[in-house]
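In: okay, sequence plus prediction incoming.
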Amino acid sequence: MTEPLGARIRRLRTDRGWTQRELAEPGYDRGFLAKVETGSRPPSEEMLGYLAGRLGLTVDELRFGRPPGVADELRASLDEGYRDLEQGRVELAEERFATAGKQAAGYHLDDVECYARFCAAEVKWQLFDVSGAQEALEHAAELADAAPPWLRAMIVHRWSGCRYLSGDAGAAIARVEAELAASSGDPDAELCLLTALIHPLMEMGGLHRAQRAAVDGHRLAKAATRPDFVARFHRQASQVWQATGESGRAEQDLIEACRLFASVGFDRDAARCRWARGYLLRRLGRLAEARAELTSARDQLAAIGSEEGVAGATLELAEVRLRQGAPDEAAELVSEVWSLLARDVEALGEATGLRGQVAQAQGDLETATRLLREAAEIQTGAALHGAAVSTALRLGDVLRQRGHLDEAIAAYRRGLDSAAGPEA
């Protein structure tokens, strides 16, 4: 039951061993304080400020019964819970988030409650519950006006990620760009938003816009104060440098991202950096190194319960094994994570295309054609232009192998159309 304000003032006074006169004077008389303590007269804002100062509290600490320093304690508890989540201790993290959120609501700490709601959304995100995460993020956004800029930006970042994974890359980009246009100039917040833009822009064919975001982000990273935000940026920027042929710069960004994540105890994100580096090594033809890095990343992600990470790292490992001449093992790896893929349209398109490549390697060109067409439809429908280009080229090659030259030419043309993309 909530303690009435007058009773709280009386309790705080008697805890200090003061009489009503000692607390009230010289600003107010004892009789008026007596009426306040019994609840028969509400204190004015001026009197509340006076009493708070006499008691050594802030006005809100007195008004809402907040213990001194409780906001910082709750934020620290949420920070610790986030590290628990990153290290796979999901139940403990959820318990911390729920407890802190309830206390923050009781103390009318809207900014802290917003953070607690965001952390609850992160549980859904890390468990690969995209729709659940989006709903929880929208719940957090109800209190976003009270939140610091970095938290508002992170809510938008994750919401954008949910929309992207649901196949609505256009809405994902539009929301982030609108938030950037209204930005307060906070370097952490702006860096967070630029980071959110890079991957969907690239997949929609907007490489030049993604490159601008990466360049702007490198400037902001020097002024940013949150290591996790800087690390996320380096991880995403590496995609731009890969696409522009700067593989050395891409690898350095991934190494730095992994170092920063590890420095703050974010094991899940550090493992995701290893997954990303495995992808880069595969692209560079360093297949043995890629296999080792991806296997390690997958094992780490499995140990902390990151289904989305396991699915992505496994798909990439399957691609490596296919290129190493082991199509049966590649097919088995895809089958292991197939049930996880329906929640992520990008991964579903990639996996379907990979199954088509496996069928091609096994000599089943009819099945390869069907699967590659399915992958192209998924990717085109989700405006994943970068992936659609690669799939169209593979489909054209398979059709050419089968002697269907007109269909092959049509597939290549679709690839050219996708390559043009909505670049601006």
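Out: Structure received.
In: quick one, helices of the stretch 251-400 of the chain?
Out: 267-283, 287-303, 307-323, 327-337, 345-361, 365-381, 385-401 (DSSP state H, counting those that start in this stretch).
In: cool, the stretch 51-200 of the chain as well?
Out: According to DSSP H, counting those that start in this stretch, the helices that the stretch 51-200 of the chain contains are 59-64, 70-86, 90-106, 110-126, 130-141, 149-165, 169-181, 187-203.
In: and Asp29, which of the ones you listed is closest to it?
Out: With C-beta to C-beta, the closest approach to Asp29 among these belongs to helix 59-64: 19.5 Å. Using the backbone N, CA and C atoms, a C-beta is placed for each residue, glycine as well.
In: buried ones in stretch 20-40?
Out: Residues Gln20, Leu23, Ala24, Tyr28, Leu33, Ala34, Val36, Glu37 are the ones in stretch 20-40 that count as buried (16 or more other C-beta atoms under 10 Å).
In: quick one: the spatially most central residue of the chain from Leu165, how far?
Out: By C-alpha atoms, centre = their mean, the chain has its centre lying nearest to Arg158, at 4.3 Å. Between Arg158 and Leu165 the computed distance is 10 Å (C-beta to C-beta, to the nearest Å).
In: sorry, back to before: in TSV, list the helices of the stretch 251-400 of the chain along with mean pLDDT and distance to Ala153.
Out: What follows is the helices of the stretch 251-400 of the chain, written out as TSV (pLDDT from 0 to 100; distance: least, C-beta to C-beta, whole Å):
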stretch	mean pLDDT	distance to Ala153
helix 267-283	95	17
helix 287-303	96	25
helix 307-323	93	22
helix 327-337	95	31
helix 345-361	92	23
helix 365-381	93	29
helix 385-401	91	25
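In: in JSON lines: those, plus mean neighbour count and distance to Pro4.
Out: As requested, those are exported to JSON lines (neighbours: other C-beta atoms under 10 Å; distance: least, C-beta to C-beta, whole Å):
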{"stretch": "helix 267-283", "mean neighbour count": "23", "distance to Pro4": "45"}
{"stretch": "helix 287-303", "mean neighbour count": "19", "distance to Pro4": "50"}
{"stretch": "helix 307-323", "mean neighbour count": "24", "distance to Pro4": "48"}
{"stretch": "helix 327-337", "mean neighbour count": "18", "distance to Pro4": "56"}
{"stretch": "helix 345-361", "mean neighbour count": "23", "distance to Pro4": "54"}
{"stretch": "helix 365-381", "mean neighbour count": "20", "distance to Pro4": "59"}
{"stretch": "helix 385-401", "mean neighbour count": "22", "distance to Pro4": "61"}
